[in-house]
Structure formats: C-alpha cells, structure tokens
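Colleague: With the sequence up front, the predicted model follows.
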Amino acid sequence: MDVDAIQPGRDFRKAIHENVGGCSVLLAVMGPDWLDTKDTSGVRRLENENDYVRLEIAVALKRDIPVVPVLVRGGRMPKADQLPEELRELAYRNSVELTHARWKSDVQVLIRALAPYMCKTDSPMGDSVRQQPVAGAAPVPAPVRTPAPVVIDEVTIARVSRELAFYIGPIAELVVKRAAKRCGSLAEICDLAAQEIEGASDRTKFLAACRR
C-alpha cells in the first residue's frame, strides 16, 4: 500500500507520478459506490484533486498508459459527464466485470486481457532483463512450440458452448471460442473449457457430453 511505499516527507503526488509512470497497465477497481464515495466533509472524493485514486488514474490517462476498469460487486461504468475533466477519458475504456458467481471464469478473462500488456519487451535493457535467472529459482524451460490450431466449425463450437453453459452460464460461449483459437483439436478444447467447471463430477459429465 502507498502508506508503506511512500517515505515520510516525500511529496505523495510526485511519488504517484513516478510509480504510475512505470506501470505497463493500471487497473481501476470500481465497486457500486466508487463514483459517489464522499470524504469526511461530505464532498465527493473524485472532486478532490489530491485524492489518491483520482491522481493515479489521471496520471495514467495523461501518459497514455492503458487503464482497465475492473467492475466488482455490481459496479457500473461512469459516464463522461459524471467525472472530473481529467478523468473523462476513463468512461471510454473497455471494462472487465468480476462476478461472484463466475469468479474463476471472469478472472481468467481479465488475465487474458492483461497478457498483451505484460508481455511487452520494450525495456531499455531488452530481453536480457527477462533472461537473467533468479537466485535459488528452478531453471526456466525453453518455450515449447505448439502446432497451429485447427479450424473448429461453428456448429461444434455452439454445441460445446451449450454444454458448458449448463455449468458456468452465459460466459460459456466466450470461453469456448477463445479455447478454439488456442487448441488443435476438439478434445483439447473440451479439456481447456472443463477447467472452468468447479466440481470434478460436473467436469466429468461435461467432458463426456463434449466429446460425443
């Protein structure tokens, strides 16, 4: 937390500028009261130019750092006219929703959305930074080249999606389509999709129906 990371006597505004400036991506976590939360004076916190959350998001937007709104507990995206001028660009950023009922699937969607930002290799030291071994860590295996995925027809994708939806709900179609892009066979698609199902018994039933 910033209360530990920012040293006493430092200008917290400068510290935030430095820390956010080093980010590859910033997550703006929004609950149902995010927009209208007030301080002890009864003033909306987003109207305070020194509010930590406002500062962090504003810095990221100004520096063109990707900002991903993450909606939790039923939070909703704010409209541009509900935000201070320096935060209005936030209203146009695509969001990701994390729900209690489909937490595992939703988190996987968020992880996949963040992957392109976390894989950038534009460090001033290049790839050598990522290739240095960590003391005490196991050797990093060489990347495995996987065969190009085969094309799975839409009828099969729709069928597998219906089977999976019985266990995880409407997000099943998205899960199956993404699995189809990564996998080389129907069996692999079914195995990957089955990871989204919590119970072992339900996974077994799904796999049996999926591979028919």
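Modeller: Arrived safely.

Colleague: Where does pLDDT dip in this protein?
Modeller: Within the chain, the segments meeting pLDDT under 70 span 1-22, 119-151.

Colleague: ranges for the helices of it?
Modeller: 2-5, 12-21, 52-62, 103-118, 128-131, 154-168, 172-182, 186-194, 200-210 (DSSP state H).

Colleague: Give the other helices and strands that the third one contacts.
Modeller: I take that to be helix 52-62. Counting contacts by 3 or more C-beta pairs under 8 Å, 6 or more residues apart in numbering; DSSP states H and E, helix 52-62 is packed against helix 12-21, strand 26-30, strand 67-72. Bear in mind the C-beta positions are built from the backbone N, C-alpha and C, glycine included.

Colleague: before we move on, the earlier item: could I get the helices of the chain in TSV, plus columns for mean neighbour count?
Modeller: Below are the helices of the chain laid out as TSV (neighbours: other C-beta atoms under 10 Å):
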stretch	mean neighbour count
helix 2-5	8
helix 12-21	15
helix 52-62	19
helix 103-118	14
helix 128-131	9
helix 154-168	16
helix 172-182	18
helix 186-194	19
helix 200-210	15
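
Colleague: can you list the residues that contact stretch 87-107?
Modeller: 28, 30, 46, 54, 57-58, 61, 67-73, 77-83, 109-110, 113, 168-169, 171, 175, 196, 198 (C-beta atoms under 8 Å, 6 or more residues apart in numbering).

Colleague: how does it look with 7 Å?
Modeller: 28, 54, 57-58, 61, 67-72, 77-80, 83, 109-110, 113, 168-169, 171, 175, 196 (C-beta atoms under 7 Å, 6 or more residues apart in numbering).

Colleague: Look at that stretch and report the distance between its end residues.
Modeller: 25 Å (C-alpha to C-alpha, to the nearest Å).

Colleague: thinking again about what came up before, quick one: which of the helices of the chain is nearest T40?
Modeller: Shortest separation from T40 across the helices of the chain is recorded for helix 52-62, at 15.2 Å, computed as C-beta to C-beta.

Colleague: Taking strand 26-30 as reference, get the angle to the closest one.
Modeller: Orientation of helix 52-62 against strand 26-30 (axes from the mean of the first three to the mean of the last three C-alpha atoms, to 10 degrees) gives an angle of 140 degrees.

Colleague: ok now helix 52-62, how far from the chain's centre?
Modeller: The chain centroid and the centroid of helix 52-62 are separated by 18 Å under C-alpha atoms, centre = their mean, to the nearest Å.

Colleague: picking that back up, same list as before, the helices of the chain that is, but in JSON lines and with distance to R93 included.
Modeller: Supplementary listing: these in JSON lines, determined by distance: least, C-beta to C-beta, whole Å:
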{"stretch": "helix 2-5", "distance to R93": "22"}
{"stretch": "helix 12-21", "distance to R93": "15"}
{"stretch": "helix 52-62", "distance to R93": "9"}
{"stretch": "helix 103-118", "distance to R93": "11"}
{"stretch": "helix 128-131", "distance to R93": "28"}
{"stretch": "helix 154-168", "distance to R93": "26"}
{"stretch": "helix 172-182", "distance to R93": "19"}
{"stretch": "helix 186-194", "distance to R93": "28"}
{"stretch": "helix 200-210", "distance to R93": "34"}
